[in-house]
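J.: Give me coordinates for this.
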Amino acid sequence: MDTRFLETFIIVAERHSLAEAAQRLNLTPAAVAQRIRALEAELGVRLLVRSGRVMRPTEAGFAILERCRELVRDTRDLKAMAGTATISGEMRIGAINTALTGLVPDILHRLAQDYPLIEIFLKPGSSMDLYAEVLNGALDAAFIIEPRFPMQKTLTFNKLRQEPLVLIAPPDCKGVDPLELLKTLPFIRYDRNQWGGHIADEYLREIGIHPVERYELDALEAIAVMVDRGLGISIVPDWAPPWPAGLDILKLPLPRSSAMRTVGIVATRSSPRANLVAALLETSRAAMGA
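T.: Residues are numbered from 1 along each chain as shown. So this is what the prediction gives:
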């Protein structure tokens, strides 16, 4: 059985779309459909069915989906172990959005130059979700915010960058006490359910200020644009550039605060792709040093 066909089935089942799977696999939708038909013929059951505009697994498809993931993962492990001398194989990496734009491109550029045989699958997500996926083996490593709880002993966290929290405000707030701004102006809150948003919430609790909340969301770039449009102020990490183009905002240090978030790479301590992860860590440190 060709594991490429299994991977195709997994992607269609997860994305509910032949077209999106084709884009991910660099194939035509017709080629994706052909792979699915061949797999169904080999197994003797229907695995996917169209429901409206989306493709969904059948009962048989759901029954084998997790086992298919395991087989594809085991195949990647075998390839990685066989290629230890050349540092080659597929590595699955996750990244929070600000790292995806501010840190990852330079790191992947160096990685491609130094280790051209490493293939990268990149998945965006929240720190919480990416941490869980590294823990369960779905990802080999992820760029996330350092957890504020004891990590599982099977994981390691490698610090790359510390980002102080700052108050962002419209330019007409220049010269005004940041604490006064927090007491009086509408506040756009960085989602408290996110690890970085929780740090901002802790700061507000420490100084005893309950701002007038207008919005709460997990989208830092959108928050910065809202502040630029005069919708309010916010407390956000001073993340690695680029920030959205054309912003006219102030970045003010927070009074009586050392609040910051630490961005780094979480990875498993022992993995068949440990040599690939080691190459990622080495390249990341070199890029940050530069």
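J.: Give me the outermost residue of the chain relative to its centroid.
T.: residue 44 (37.2 Å; Cα atoms, centre = their mean).
J.: how close does it sit to residue 60?
T.: 9 Å (Cβ to Cβ, to the nearest Å). Heads up, the C-betas are built off the backbone N, CA and C, glycines and all.
J.: Next: residue 132.
T.: According to Cβ to Cβ, residue 132 stands 27 Å off from residue 60.
J.: ok, now residue 220?
T.: 42 Å.
J.: quick one: which of these two has more around it?
T.: residue 220 (23 against 15; other Cβ atoms under 10 Å).
J.: quick one, what contacts the more buried one?
T.: 97-98, 190, 236-237, 239 (Cβ atoms under 8 Å, 6 or more residues apart in numbering).
J.: redo that, cut-off 10 Å
T.: Taking Cβ atoms under 10 Å, 6 or more residues apart in numbering as the criterion, residue 220 is in contact with 96-98, 168, 190-191, 194, 196-197, 234, 236-237, 239, 243-244.
J.: Looking at those residues, spot the one nearest residue 54.
T.: Each of the contacts of residue 220 was checked against residue 54 using Cβ to Cβ; the closest is residue 97, at 25.2 Å.
J.: Could you report the neighbour count for the closest residue to the closest one other than its chain neighbours?
T.: Of all residues not flanking residue 97 in the chain, residue 124 sits nearest, at 6.0 Å (Cβ to Cβ, 6 or more residues apart in numbering). Residue 124: 15 surrounding residues under other Cβ under 10 Å.
J.: swap in residue 181?
T.: The local packing of residue 181 (other Cβ under 10 Å) involves 19 other residues.
J.: can I assume it sits in a helix?
T.: Yes. Checked against DSSP: H, G, I helix; E, B strand; the rest coil, residue 181 lies within a helix.
J.: wait, isn't it in contact with residue 233?
T.: Yes. Assessed by Cβ atoms under 10 Å, residue 181 is found in contact with residue 233 at 5.6 Å.
J.: joint contacts of those two?
T.: With Cβ under 10 Å, 6+ apart as the test, residue 181 and residue 233 both reach 167, 169-170, 173, 187, 211, 250, 252.
J.: which of these count as buried?
T.: 167, 169-170, 173, 187, 211, 250, 252 (16 or more other Cβ atoms under 10 Å).
J.: If we only consider the residues you listed, which is nearest to residue 280?
T.: residue 167 (34.0 Å).
J.: which residues does that closest one bridge with?
T.: Here residue 167 shows beta-bridge partners residue 235, residue 252, assigned using DSSP bridges.
J.: My read is that it contacts residue 237, right?
T.: No. Residue 167 is beyond contact range of residue 237, at 11.6 Å (criterion: Cβ under 10 Å).
J.: hey, what's in contact with both of these two?
T.: residue 200.
J.: how much space between residue 43 and residue 22?
T.: 21 Å.
J.: Compare these two (neighbour count), which wins?
T.: residue 22 (19 against 15).
J.: At which residues are the strands of the stretch 51-200 of the chain located?
T.: 54-57, 89-95, 118-124, 141-145, 155-169, 186-190 (DSSP state E, counting those that start in this stretch).
J.: and the fourth one, which strands flank it?
T.: What it means is strand 141-145. Strand 141-145 has the following strand partners under DSSP bridges: strand 89-95 (parallel), strand 260-268 (antiparallel).
J.: Next SSE downstream of the longest one?
T.: Tracing the chain past strand 260-268, the next element assigned as helix or strand by DSSP states H and E is helix 274-289.
J.: That next one versus strand 118-124: what angle between them?
T.: Helix 274-289 and strand 118-124 meet at an angle of 70 degrees, taking axes from the mean of the first three to the mean of the last three Cα atoms, to 10 degrees as the criterion.
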